[in-house]
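Student: build me a model:
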Amino acid sequence: MSKALNRPIRVLVAKVGLDGHDRGAKVIATSLRDAGMEVIYTGLRQTPEMVVNAALQEDVDAIGISILSGAHMTVFPKIIAIMKEKELTDVLLTGGGIIPEKDVAALQEIGVGGLFPPGTPMTTIVSYIENWVAEHRNF
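Tutor: As a prediction, the model looks like this:
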């Protein structure tokens, strides 16, 4: 449980588009849950709109997108745009998968948080989310 919030951090984990490989997303979801977070896993083949709507309905602190399809330069900007449109500006958008470093920098410039490649230690991801939420969602 997050000391800053006096409640568990709520994280939505999603797979967007036609990317059908979800083992990594399930590993992340389980690790976040084991760290004391409440995790909502949306399953495969979500649209950016579905992800943001679920985040609003579930009142999450963070959205984690797992992407291996190469569509990251389309998916993340679309999700950011919908989040801004729906005034969901105090929620972390993070993720991981196969994302080249030059694309990571471009995505972070538009407001995407940390992006983690395969093999990142789970403790690194958990700490990142906990620290971000403590700094930005302390209410």
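Student: how near is the residue positioned nearest the centre of the chain to Asn6?
Tutor: The chain has Gly64 as the residue nearest its centroid, 1.5 Å off, counting by C-alpha atoms, centre = their mean. Counting by C-beta to C-beta, to the nearest Å, the separation of Gly64 from Asn6 is 22 Å. In this view, the C-beta of every residue, glycine as well, is placed from N, C-alpha and C.
Student: low-confidence ranges in the chain?
Tutor: Filtered on pLDDT under 70, the chain yields the residue ranges 1-4, 139.
Student: quick one, helices of it?
Tutor: Along the chain, the segments classed as helices by DSSP state H run 23-34, 48-58, 72-85, 101-109, 122-136.
Student: will you turn those into CSV that also has distance to Ala14 and mean neighbour count?
Tutor: Listed next are the helices of the chain as CSV, based on distance: least, C-beta to C-beta, whole Å; neighbours: other C-beta atoms under 10 Å:
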stretch, distance to Ala14, mean neighbour count
helix 23-34, 8, 17
helix 48-58, 5, 18
helix 72-85, 9, 18
helix 101-109, 16, 13
helix 122-136, 15, 16
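Student: ok, which of those comes nearest Leu93?
Tutor: Nearest of the helices of the chain to Leu93, taken as C-beta to C-beta: helix 72-85 at 6.0 Å.
Student: CA-only coordinates of that closest one in CSV, if you can.
Tutor: What follows is helix 72-85, C-alpha atoms only, in CSV (Å, rounded to 0.1, in the frame of the first residue of the first chain):
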residue,chain,number,x,y,z
HIS,A,72,4.2,2.7,-30.3
MET,A,73,4.6,6.0,-32.2
THR,A,74,0.9,5.8,-33.0
VAL,A,75,-0.5,4.2,-29.9
PHE,A,76,1.1,6.4,-27.2
PRO,A,77,0.4,9.8,-28.9
LYS,A,78,-3.2,8.8,-29.4
ILE,A,79,-3.6,7.8,-25.8
ILE,A,80,-2.0,11.0,-24.6
ALA,A,81,-4.3,13.0,-26.9
ILE,A,82,-7.4,11.3,-25.5
MET,A,83,-6.2,11.7,-21.9
LYS,A,84,-5.8,15.4,-22.5
GLU,A,85,-9.2,15.6,-24.2
